[in-house]
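Asker: My questions concern the predicted model and sequence given below.
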Amino acid sequence: MEFKYVQTTCPYCGTGCSFNLVVKDGKVAGTAPYQRSPVNEGKVCPKGTYAHEFVNSPDRLTKPLIKKDGQFVEATWDEAYDLIAQKLKSYKPDELACLSSARTSNEDNYALMKFARGALKTRHIDHCARLCHASTVAGLAASFGS
């Protein structure tokens, strides 16, 4: 039985916690603490503890799907990327928008911003926290000022 640890970053929020994926015989089997992480020092929240479960899920898509005649059919990655590029090119910059996520790292959000502004030429980019944390921000501003 081959057994190893693979250090990774948790996918569930933008904090940047690290943990090890436990890999047995080439298959992700669990998570284990990564004690040297400067962010979480080996501690992981419940989401991180079970973050490995989606990797081997039978419900996970492993091949791209393209809709043809109202039905999803499997496609190659090249077909999928070509379709995406074709669709994106068919819009004007003001017809496109990007929404980034608190569930990704700061670097991923920065990359999306650069893609939106540089490749898509759109100024329409937002972050989910502006909506979901609106009440928190309003409360903080009322309590402590802004």
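Answerer: Looks like it came in fine. Residues are numbered from 1 along each chain as shown.

Asker: for Ala32, what are its contacts?
Answerer: Ala32 makes contact with 5, 19-20, 22, according to C-beta atoms under 8 Å, 6 or more residues apart in numbering. Using the backbone N, CA and C atoms, a C-beta is placed for each residue, glycine as well.

Asker: residue closest to the middle of this structure?
Answerer: In the chain, the C-alpha nearest the mean C-alpha coordinate belongs to Thr104, at 4.7 Å (C-alpha atoms, centre = their mean).

Asker: tell me the contacts of that one?
Answerer: Contact partners of Thr104, counting by C-beta under 8 Å, 6+ apart, are 11, 14.

Asker: pLDDT wise, what is it at?
Answerer: If you check Thr104, the pLDDT there is 78.

Asker: Begin at 809 from now on, thanks
Answerer: With 809 as the first residue, the last one maps to Thr912.

Asker: which is the next helix or strand following the helix or strand of the chain with the lowest mean pLDDT?
Answerer: The weakest-scoring helix or strand in the chain, judged by mean pLDDT, DSSP states H and E, is helix 937-940 (a mean of 70). With elements assigned by DSSP states H and E, the helix or strand that comes after helix 937-940 is helix 942-952.

Asker: Now do the strands in this structure.
Answerer: For the chain, applying DSSP state E gives strands covering 811-817, 826-832, 835-841, 873-876, 879-882, 906-908, 933-935.

Asker: Buried deepest among these, which one?
Answerer: With neighbours defined as mean count of other C-beta atoms under 10 Å, these peak in mean count at strand 826-832, which reaches a mean of 18.

Asker: Tell me the strands beside that strand, with direction?
Answerer: strand 811-817 (antiparallel), strand 835-841 (antiparallel) (DSSP bridges).

Asker: Just the mean pLDDT for the last one, thanks.
Answerer: I take that to be strand 835-841. For strand 835-841, the per-residue pLDDT averages 92.

Asker: do the same with the first one
Answerer: In this model, strand 811-817 has a mean pLDDT of 93.

Asker: And the contacts of it?
Answerer: Residues from elsewhere that reach strand 811-817, judged by C-beta under 8 Å, 6+ apart: 824-832, 840, 842, 913.

Asker: Let me know the closest of the contacts of Ala840 to Lys900.
Answerer: Phe827 (42.8 Å; C-beta to C-beta).

Asker: And the pLDDT at that closest one?
Answerer: At Phe827, pLDDT is 94.
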